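Trainee: Predicted structure and sequence below. I'll ask about it afterward.
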Amino acid sequence: MFTRKKAKAEGGILETVKTVVYALLIAGVFRTLFFQPFWIPSGSMKDTLLIGDFLFVNKMAYGYSQYSCPFSMCPFSGRLLASEPERGDVVVFRHPVSGADFIKRLIGLPGDTVQMRGGRVILNGQEVPQEANGVFEETYERQGPMGQYPRCENGPVGEGGLCTSSRFTETLPNGVAHDVLNIDQNGFADNTDVFTVPPGHYFFMGDNRDNSQDSRFSQAVGGVGMVPAEYLIGRADRIMFSSAGRSMLYFWTWRADRFFKAVD
């Protein structure tokens, strides 16, 4: 009787282990093929995305890519399939040199010309309109797990002081409207040469225009440069959770107004 009970108990443990393993495998496949979690570590996309925002990246928005699933599970050797990314999408991609995950807004499509002139985007020779939209305000203090201080247009600002940036609403040619922030007047990347986006590549910019190492900067100096299509991971559609603290466990720093917020 003892042996039979012991065997039954061991069998129950084995079934539990198998269930957990299957669940992990399913979750792994789901993550690999469909969605990938992403935690915003920097302020380059303020005020669209804040440090501490947590979101899931829709990896099926553009189809499979080299980095969205194992080659053995993807047709056509893992090449990008399905729909073309749209101008204005907020996209997660792998840095072509470092392989680190980045999140920026898609501004230039293959064949486009992009230039910055006086802090305004010149897209295919036409200035992208901007309208003043008030001021973005935040507290000058360390933000997120990395403990970064924000950059302020009204700087220098003391610890705990009010940090502000001018905010504008920019409307792209396809009608996508989004906020952008300004910190510097005639900053280093406010005036650039004309960039021509090569076939199969994309031009990205951060919404926090004076605080983003994006396609305006070459890969040789740590910038993003032109991003090949196969490095795109997916589109950011919705913020699931947000915390302003150094840890997500600090519940008093949760931003409940950003839970399940759409990414515009």
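Mentor: Happy to help now that I have it.

Trainee: C-alpha only now, for contacts and for neighbours.
Mentor: Fine.

Trainee: Which element, helix or strand, includes the most centrally placed residue in the chain?
Mentor: Closest residue to the average C-alpha location of the chain: residue 103 at 2.5 Å, with C-alpha atoms, centre = their mean. Per DSSP states H and E: residue 103 is located in strand 101-108.

Trainee: quick one: average pLDDT of that strand?
Mentor: The pLDDT scores in strand 101-108 average 97.

Trainee: May I have the strands that pair with it, each with its orientation?
Mentor: The pairing partners recorded for strand 101-108 under DSSP bridges are strand 90-94 (antiparallel), strand 201-205 (antiparallel).

Trainee: Relative to residue 141, which of those is closest?
Mentor: Ranking the strands paired with strand 101-108 by proximity to residue 141 (C-alpha to C-alpha) places strand 201-205 first, at 25.1 Å.

Trainee: what's residue 90 in contact with, if anything?
Mentor: By C-alpha atoms under 8 Å, 6 or more residues apart in numbering, residue 90 lies in contact with 103-106, 235-237, 263-264.

Trainee: again, 7 Å this time
Mentor: Going by C-alpha atoms under 7 Å, 6 or more residues apart in numbering, residue 90 touches 103-106, 235-236.

Trainee: Skipping adjacent residues, who's closest to it in space?
Mentor: Of all residues not flanking residue 90 in the chain, residue 105 sits nearest, at 4.4 Å (C-alpha to C-alpha, 6 or more residues apart in numbering).

Trainee: Burial check on that neighbour, number of neighbours?
Mentor: Residue 105 sits with 22 neighbouring residues when counted by other C-alpha atoms under 10 Å.

Trainee: Thought residue 206 was touching it, still the case?
Mentor: Yes. Contact criterion C-alpha atoms under 7 Å: residue 105 and residue 206 qualify, at 5.9 Å.

Trainee: So for stretch 181-200, what gets flagged as buried?
Mentor: 181-184, 189-192, 194-198 (16 or more other C-alpha atoms under 10 Å).

Trainee: My error: substitute stretch 83-99 in the last question.
Mentor: For stretch 83-99, burial by neighbour count (16+ other C-alpha under 10 Å) applies to 85-96.

Trainee: Format those as TSV; extra columns: pLDDT and distance to residue 116.
Mentor: What follows is the buried residues of stretch 83-99, written out as TSV (pLDDT from 0 to 100; distance: C-alpha to C-alpha, whole Å):
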residue	pLDDT	distance to residue 116
85	95	22
86	95	20
87	96	17
88	97	16
89	97	19
90	97	19
91	96	21
92	96	23
93	95	22
94	94	24
95	95	22
96	93	23
